[in-house]
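S.K.: Structural data only, the sequence is not supplied:
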């Protein structure tokens, strides 16, 4: 997606080893016009697929999933990271290993909002080590639903997530694939 | 907003003292068609106002703010609850007291994304004790920006938040105001 790549080159900032900051438009400040184009691109990428629900994880996937869902005309469900009084006690769970925090945390979806009838598209901002997507897949599996595919805005191809998912026969569509980030320079695939 | 009130009566669940669960459409599963109507209603409520940015706090405000921003044609910024490598070190901070957890936590916005030029609309899902809105106001104040108003989907008028904000001369627009929840019954103002 050219518009997205242009935006990454123009305002993305490479900070430290493998860290790409896109917080000016994707995960802190949100460029809503761009999110709409991203939503259309996901719809185009999965136009052949029959999808009943979009699943993401809090926090960064929510705005992307909500805007994209307008083009799929299906509800969004976002998995929660914390137990709270607002979450049902009956949940489907997935585990996500965080490399930055070096610990595993759980993500949960109420059993009310996923069923074995659902054909699920997982959407997220980044695909890096793939742990969030795998945790969401566990939730889809626990519900007995079908995982149609995973759509990500930015894939870091120099990390293992993409190959992990594809090896598992999961359909992955990335709108921008970064092959390498060298000396602050971003190289797309 | 009648559609919203109907939805609350139809699928909202009163669980325990003062807890209204609307997770089937507002803060876990998201009904995107309804969120669009909510976004239009916020635009209608603030149609006379000059707004340059929508501010919300993670997590529940994000989808509402992102969808609504399509009608205002301005960017969204969401305040973050955790320090992370993805957040700049230079931030505007606000403090939020959580009654459920009986502790104060900080919310932060990078100084890159708010300035003294901004006219800010705060959006959120609920207005109950008003602590989140007051924390967001601190961030707006710290940036030297102007708080144009606070829009909430549901105000619980039996809690103090609405009167706290209005006493502080903050313009508050609520799309559904709940006067009381008695024996599982929801009474709108």
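M.R.: Nice, thanks for sending it over. These figures come from a predicted structure and were not determined experimentally.
S.K.: Let me see the contact set for the residue most central in space within chain A.
M.R.: Nearest to the mean C-alpha position of chain A, by Cα atoms, centre = their mean, lies residue A:124 at 1.4 Å. Residues in contact with residue A:124, defined by Cβ atoms under 8 Å, 6 or more residues apart in numbering or on different chains, are A:56-57, A:60-61, A:64, A:132-133, A:136, A:150-153. Heads up, the C-betas are built off the backbone N, CA and C, glycines and all.
S.K.: What segments of chain A are strands?
M.R.: With DSSP state E as the criterion, chain A has strands at A:13-14, A:20-21, A:29-30, A:53-57, A:76-79, A:91-98, A:103-110, A:119-127, A:146-156, A:172-182, A:185-188.
S.K.: and these as TSV, adding mean pLDDT?
M.R.: Formatted as TSV, these follow (pLDDT from 0 to 100):
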stretch	mean pLDDT
strand A:13-14	92
strand A:20-21	94
strand A:29-30	98
strand A:53-57	98
strand A:76-79	98
strand A:91-98	95
strand A:103-110	96
strand A:119-127	98
strand A:146-156	98
strand A:172-182	96
strand A:185-188	94
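S.K.: where's the longest helix along chain A relative to the chain centroid, distance-wise?
M.R.: Scanning chain A for the longest helix, with DSSP state H as the assignment, gives helix A:32-45. Average the C-alpha atoms of helix A:32-45, do the same for its chain, and the two points are 13 Å apart (Cα atoms, centre = their mean, to the nearest Å).
S.K.: Give me the mean pLDDT for that helix.
M.R.: Averaging pLDDT along helix A:32-45 gives 98.
S.K.: and the angle for it with strand A:172-182?
M.R.: When axes from the mean of the first three to the mean of the last three Cα atoms, to 10 degrees is applied, the directions of helix A:32-45 and strand A:172-182 differ by 120 degrees.
S.K.: Helix A:32-45 vs chain B: in contact?
M.R.: Yes: where contact is defined by Cβ under 8 Å from any Cβ of the partner chain, part of helix A:32-45 touches chain B, namely A:32-33, A:35-36.
S.K.: near chain B, which residues of chain A show up?
M.R.: By Cβ under 8 Å from any Cβ, the residues of chain A that approach chain B are A:16, A:19, A:21, A:23-24, A:27-33, A:35-36, A:58-59, A:62-63, A:65-67, A:69-70, A:73-78, A:80, A:84-88, A:100, A:109-110, A:112-113.
S.K.: on that earlier part again, what lies in contact with the longest helix of chain A?
M.R.: Contacts of helix A:32-45 with the rest of the structure, by Cβ under 8 Å, 6+ apart, involve A:1, A:3-4, A:7, A:25-26, A:63-64, A:67-72, A:121, A:123, A:151, A:153, A:173, A:175, B:66, B:69-70, B:73-76.
S.K.: Mind checking which of the residues you listed are buried?
M.R.: In the contacts of helix A:32-45, burial by neighbour count holds for A:1, A:4, A:7, A:25-26, A:63-64, A:67-72, A:121, A:123, A:151, A:153, A:173, A:175, B:66, B:69-70, B:74-76, counting by 16 or more other Cβ atoms under 10 Å in any protein chain shown.
S.K.: Any chance of a markdown table for the strands of chain A, columns distance to residue B:50?
M.R.: A markdown table is the format used below for the strands of chain A (distance: least, Cβ to Cβ, whole Å):
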| stretch | distance to residue B:50 |
| --- | --- |
| strand A:13-14 | 31 |
| strand A:20-21 | 30 |
| strand A:29-30 | 19 |
| strand A:53-57 | 33 |
| strand A:76-79 | 31 |
| strand A:91-98 | 41 |
| strand A:103-110 | 40 |
| strand A:119-127 | 31 |
| strand A:146-156 | 31 |
| strand A:172-182 | 33 |
| strand A:185-188 | 36 |
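S.K.: Out of the residues of helix A:32-45 next to chain B, which comes closest to residue B:117?
M.R.: Looking at the residues of helix A:32-45 next to chain B and their distance to residue B:117, the nearest is residue A:32, at 19.0 Å (Cβ to Cβ).
S.K.: quick one: the closest one from residue A:24, how far?
M.R.: Residue A:32 sits 13 Å away from residue A:24, going by Cβ to Cβ, to the nearest Å.
S.K.: now swap in residue A:87 and tell me
M.R.: Computed as Cβ to Cβ, the residue A:87 to residue A:24 distance reads 31 Å.
S.K.: ditto for residue A:33
M.R.: Using Cβ to Cβ, one obtains 13 Å as the distance from residue A:33 to residue A:24.
S.K.: So between those two, which is more surrounded?
M.R.: A side-by-side neighbour count of residue A:33 and residue A:24, using other Cβ atoms under 10 Å in any protein chain shown, places residue A:24 first with 20 against 14.
S.K.: Go ahead and confirm the more buried one touches residue B:77.
M.R.: No: contact criterion Cβ atoms under 8 Å: residue A:24 and residue B:77 do not qualify, at 10.0 Å.
S.K.: so what's in contact with these two at the same time?
M.R.: Between them, residue A:24 and residue B:77 share these contacting residues under Cβ under 8 Å, 6+ apart: residue B:113.
S.K.: Could you measure from residue A:150 over to residue A:119?
M.R.: As judged by Cβ to Cβ, residue A:150 and residue A:119 stand 13 Å apart.
S.K.: Hmm, residue A:151 and residue A:170 touching each other?
M.R.: No: with contact defined as Cβ under 8 Å, residue A:170 does not count as touching residue A:151 (11.1 Å).
S.K.: more neighbours, residue A:150 and residue A:119?
M.R.: Under the neighbour definition other Cβ under 10 Å, residue A:150 and residue A:119 were set side by side, and residue A:150 has more, 28 against 16.
S.K.: ok, now which ones touch residue A:148?
M.R.: A:46, A:49-51, A:119-121, A:171.
S.K.: again, only this time at 6 Å
M.R.: When contacts are counted by Cβ atoms under 6 Å, 6 or more residues apart in numbering or on different chains, residue A:148 is found next to A:49, A:51, A:119, A:121.
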